[in-house]
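Undergrad: What shape does this take:
(one chain, ligands or ions: 1)
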Amino acid sequence: MSRLSAGSSPMAAILDLARWAPSGDNAQPWSFCLTGPERAILTVRDQSATCLFERDGRCGLMSVGMLQENIRIAASTVARRIEWTRLGGGDRAPVFACTCPLDPYVVPDPLARWIMCRSVNRRTYATAELGSAACDALRAGLSPGFTLRLAVGRERRRWAWMNQRAARIRLDTREGFDLTRRIIDWGVDVSEERIPDRALGLPRIMLGIARLQLSSWSMTSFANRWLGGTCLPRYLLEWRPGLACAAHVAVEADRMDDSTDGWLRAGAAVQRFWLTATGLGLHHQPGMTPLIFARYVRDGIRFTDHAPAVAAAHEAADSLRHLLGPQALERAVWLGRIGYAEPASARSIRLPLERLVDGYAAETEAPCAS
Ligand SMILES: Cc1cc2nc3c(=O)[nH]c(=O)nc-3n(C[C@H](O)[C@H](O)[C@H](O)COP(=O)(O)O)c2cc1C
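TA: All right, here's what the predicted structure looks like:
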């Protein structure tokens, strides 16, 4: 029988809820070491060498910020305060000690209700406007220091256009192919470590074609070159859903602090936004591709030798500056779309807590494995 369950200790119960935090491609780049009933060590995995979207580590740190915010929210429901101490690790793979002492003054955070049901929805949404009460609630949901921009009406076309152009980077490069193949779980509705194909938002028949095409790079590059291979996926994955939504969203930092702590704070702010949206009955899909690759070209990060993809990244940078202003790449931390929709029938789930815990180090236990 497993020695670890949510009931094992207050910290295990908090982590068991918090692990439902989102992460790019459901990678869950973290592990925990339980060092006592109220203590854990959080170790972050550096994905910069293995993931095309993580070359600069910023998205990974945002995911960790989302997890940390979940931990804080989960702890609040059992009258516990969270304290973090940075123990070391590199900028992209920090290690933290976390404690959760009882604190009668902690107020339960109402966003806790939405932690498990928040999920990305990649299908089309209703185009009905959000209404001012929902917009105000979304803005109020963000942490101080961050603002929300909503692009509605005809402006959605410009965002959808930018997204489908930027999708060529993912669809037309060897690096994008390798990543896509690794992260899709075929023929399933739920996946613990990856994205189920049925959560991609593609019609069933297209899933079969996509699976066949992704079976080899030669098949993909042949289809891309001679059969207009990226046109249909760009239409189905970006253009159509980009129009079928209430708004495109951008979360911007008033003054971005481009440090590890700055990206953790940005992640926490976005998690509050996403949970607030879920509580309002809204659906959300992040659309980070343009921003990630625009920052790569700004920072001189080499991500492929495929010249059209590099050109597409430059184009994304120009589009973002056009849509959000000259400081777009310095201020924007999150892009996506939002709206009312039918719930998605498939989703990523999470690794069980016992697989995320890689050691125990309480006085009576063996040292942490890592
Ligand atoms: C930093 C970050 C970037 C993401 N970028 C995208 C994206 O560009 N497109 C997308 O469809 N989903 C994106 N996602 C959503 C994740 O794929 C999703 O959260 C993860 O697979 C877990 O699924 P769930 O949110 O349904 O629980 C992103 C999530 C995070 C945290």
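Undergrad: Please name the residues that touch whatever residue of the stretch 101-250 of the chain ends up closest to the ligand.
TA: Nearest residue of the stretch 101-250 of the chain to the ligand: residue 119, at 3.4 Å (CB to the nearest ligand atom). For glycine as for every other residue, the C-beta is placed from the backbone atoms N, C-alpha and C. For residue 119, the contacting residues are 344, 347-348, by CB atoms under 8 Å, 6 or more residues apart in numbering.
Undergrad: again with residue 78
TA: Counted by CB under 8 Å, 6+ apart, residue 78 has contacts 10, 13-14.
Undergrad: Look at it and give its secondary structure.
TA: coil (DSSP: H, G, I helix; E, B strand; the rest coil).
Undergrad: Ramachandran angles for it?
TA: phi -120, psi 30 (degrees, to the nearest 10).
Undergrad: gap between it and the ligand?
TA: To the ligand, residue 78 is 23 Å away according to CB to the nearest ligand atom, to the nearest Å.
Undergrad: Could you report the pLDDT at that residue?
TA: At residue 78, the model reports a pLDDT of 98.
Undergrad: Equivalent analysis for the one 5 residues further on, please.
TA: In this prediction, residue 83 carries a pLDDT score of 98.
Undergrad: tell me the contacts of the nearest residue to it once chain neighbours are set aside?
TA: In space, and not counting its chain neighbours, residue 83 is closest to residue 99: 4.9 Å by CB to CB, 6 or more residues apart in numbering. With contacts defined as CB under 8 Å, 6+ apart, residue 99 is in contact with 38-39, 82-83.
Undergrad: rerun that using 7 Å as the cut-off
TA: Going by CB atoms under 7 Å, 6 or more residues apart in numbering, residue 99 touches 38-39, 83.
Undergrad: Show me those that map onto strands.
TA: 39, 83 (DSSP state E).
Undergrad: which of the contacts of residue 119 tops the neighbour count?
TA: Neighbour counts for these peak at residue 348, which has 22 neighbours (criterion: other CB atoms under 10 Å).
Undergrad: Show the pLDDT at that residue.
TA: Reported pLDDT for residue 348: 98.
Undergrad: Give me the spatial nearest neighbour of it, chain neighbours excluded.
TA: residue 26 is the one closest to residue 348 (CB to CB, 6+ apart), at 4.0 Å.
Undergrad: could you pull out the strands for the protein?
TA: Under DSSP E, the chain gives strands at 30-36, 39-44, 83-89, 94-99, 146-151, 184-185, 190-191, 195-196, 247-253, 283-286, 332-339, 347-348, 357-360.
Undergrad: ok, so what distance separates the nearest residue to residue 314 once chain neighbours are set aside from the ligand?
TA: Nearest residue to residue 314, sequence neighbours excluded (CB to CB, 6+ apart): residue 297, at 5.4 Å. The gap separating residue 297 from the ligand is 17 Å, by CB to the nearest ligand atom.
Undergrad: Who does the lowest-mean-pLDDT helix or strand in the chain pair with, and is each partner parallel or antiparallel?
TA: Lowest on mean pLDDT, DSSP states H and E among the helices and strands of the chain sits strand 357-360, with a mean of 80. Strand 357-360 sits in its sheet next to strand 30-36 (parallel), going by DSSP bridges.
Undergrad: List the buried residues in the strand it pairs with.
TA: 30-35 (16 or more other CB atoms under 10 Å).
Undergrad: Could you dump those into JSON lines and include distance to the ligand?
TA: Rendered in JSON lines, the data for those read as follows (distance: CB to the nearest ligand atom, whole Å):
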{"residue": "30", "distance to the ligand": "12"}
{"residue": "31", "distance to the ligand": "17"}
{"residue": "32", "distance to the ligand": "18"}
{"residue": "33", "distance to the ligand": "23"}
{"residue": "34", "distance to the ligand": "24"}
{"residue": "35", "distance to the ligand": "27"}
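Undergrad: Show me which of those residues is closest to residue 52.
TA: residue 30 (19.8 Å; CB to CB).
Undergrad: measure the closest one to residue 240 for me?
TA: Residue 30 sits 34 Å away from residue 240, going by CB to CB, to the nearest Å.
Undergrad: now residue 202
TA: 11 Å.
Undergrad: neighbour-wise, which of those two wins?
TA: A direct count of neighbours by other CB under 10 Å for residue 202 and residue 240 places residue 202 higher, at 19 against 15.
Undergrad: Quickly list the domain ranges of the chain.
TA: The record assigns the chain these domain ranges, following automatic domain parsing: 6-117+349-360, 132-172+230-343.
Undergrad: what are the ranges of the helices in the stretch 51-200 of the chain?
TA: 58-76, 132-141, 155-171, 174-183 (DSSP state H, counting those that start in this stretch).
Undergrad: Need the residues that contact the second one.
TA: Put plainly, it is helix 132-141. By CB under 7 Å, 6+ apart, the list of residues contacting helix 132-141 from outside reads 148, 150, 272-273, 276-277, 280, 282.
Undergrad: Spell out which parts of the stretch 151-300 of the chain neighbour the ligand.
TA: 195, 285-289 (CB under 6 Å from any ligand atom).
Undergrad: For those residues, give me CSV that also has neighbour count and pLDDT.
TA: Shown next, in CSV, are these (neighbours: other CB atoms under 10 Å; pLDDT from 0 to 100):
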residue, neighbour count, pLDDT
195, 20, 98
285, 21, 98
286, 19, 98
287, 25, 98
288, 19, 98
289, 25, 98
